[in-house]
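A.B. asks: Mind folding the following:
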Amino acid sequence: MSAVAAPARTLTVVQLLPALHSGGAERSALEVARILVQAGHRSVVISAGGRLAAQLEAEGSEHITLDIGRKSLRAFARIGPLRRVLQELRPDIVHARSRLPAWLGWWALKGLKPRPHFITTVHGMNSPGQYSSILLRGERVVVVSQTLRDYVLSHYTWLDPTRVRVIPRGIDPAAFPYGHRPDDAWQKAFFADYPALAGAPLLTLPARGTRLKGHRDAIELVAALRQRGIDTRLLLLGVIEPGREAYVEELRELARSCKVADKVVMTPARADVRDIYAISALVLQLSNKPESFGRTVIEALSLCRPVLGYAHGGVGELLAELYPAGRVPPGDRERLVERAAELLRVAPPIPLLQNYRLSDMQQSVLALYEEVAG
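C.D. replies: Predicted coordinates:
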């Protein structure tokens, strides 16, 4: 990343999150904290902590442990402790990234002088209503896609559109380099671990073990391709999670009934997703419910790997802009099979990614902070 110019004024920015374990909001918070430090500002995150807290502090930010994300009858008892922390920090900006921390922050700021600027980010398509509305109360409301902007404006008609800023999430192109291929040692080890995935084009569906992510559609896709004489393998990456054992067994039974159990592999989340995407013939995004963004789409296309997904929500928005050949009407299983066969035969070329870079997101948020703080 290029050097960041010294700021005309040093800001103290506090980000509020439930915890720092994993997830899109947490990753975005760390990425923004990093650019704040690089720009010479003071970056503070308040959360219940988690495995990412050490990385946050190693990159120059401060972390204050306060449980502001656990839903309970005692939640509002944490307003006082949060107000005392904010009084001591005297931040210029408080940026809330989740609903309960936003509510606690909103009340903690009341009566605080000088009162910090309050910014919110909507990361997902939360159920509309009073509880979710707190994320639309910021002086500026950041949303991660045009799809999400349309969603919040349609459900909260009182929201001033000029307060809503679309700042998409981004990836580091150096972490997902165009045309990357993993070395022979990695490939040998990978296929030694998962020999069932060798010998045919690999389809990869990276998604948590929830019913909304389209795992059934992916298994049935492999079965339908087999009926057409097209041999493929399927990796359900990240589907194995604690507490999801019954769902995983349900998927195994589906694979058996579709006679493709020997072609489907299910794994926990892995750190080497870049290499897995790079050896995949297709990366799938088959969520049955529209999602707010689609980071996987960007990661795979950055590597020059084709993406096949349902054309709704943030995934559909990204595919329409970056890879129209990968779009399929939501839930259209027949068209899904046809398009998969087409892409496996000849995939249209994928241009070098010019947008949705991590640095773009970081600079946009930094500029927003500096604008609000004046």
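A.B. asks: And the helix or strand where E249 lies, what's buried?
C.D. replies: Assessed by DSSP states H and E, E249 sits inside helix 245-257. Neighbour-count burial for helix 245-257, counted by 16 or more other Cβ atoms under 10 Å, picks out 247-248, 251, 254-255. Quick note: C-beta positions are derived from backbone N, CA and C, even for glycine.
A.B. asks: of all the residues you listed, which comes closest to I93?
C.D. replies: Using Cβ to Cβ, Y247 comes nearest to I93 of the buried residues of helix 245-257, at 40.6 Å.
A.B. asks: Can you read off the pLDDT for the closest one?
C.D. replies: The score at Y247 is 96. That number is its pLDDT.
A.B. asks: what separates the spatially closest residue to it that is not a sequence neighbour from L73, distance-wise?
C.D. replies: Nearest non-adjacent residue to Y247, counting by Cβ to Cβ, 6 or more residues apart in numbering: G209, 5.5 Å away. Distance, G209 to L73, by Cβ to Cβ, to the nearest Å: 30 Å.
A.B. asks: Identify all contacting residues around the helix holding E249.
C.D. replies: The contact list for helix 245-257 (Cβ atoms under 8 Å, 6 or more residues apart in numbering) reads 209-211, 215-216, 219-220, 236, 239-240, 261, 263-264, 266.
A.B. asks: out of those, which are inside strands?
C.D. replies: 236, 264, 266 (DSSP state E).
A.B. asks: Show me what the second one bridges to in the sheet.
C.D. replies: When you say that, I think you mean V264. L234 (DSSP bridges).
A.B. asks: residues near it, how many?
C.D. replies: Neighbourhood size, V264 [other Cβ atoms under 10 Å]: 25.
A.B. asks: Hmm, E220 and it touching each other?
C.D. replies: No: using Cβ atoms under 8 Å, V264 makes no contact with E220, being 10.8 Å away.
A.B. asks: how about P206, phi and psi?
C.D. replies: Per-residue torsions, P206: phi -90, psi 110 (degrees, to the nearest 10).
A.B. asks: State the distance from it to A373.
C.D. replies: 38 Å.
A.B. asks: who's more crowded, the two?
C.D. replies: P206 (23 against 17).
A.B. asks: Helices of this protein, start to end?
C.D. replies: Along the chain, the stretches classed as helices by DSSP state H are 24-38, 53-58, 79-89, 99-109, 146-155, 184-193, 215-227, 245-257, 273-278, 295-302, 313-322, 333-345, 358-373.
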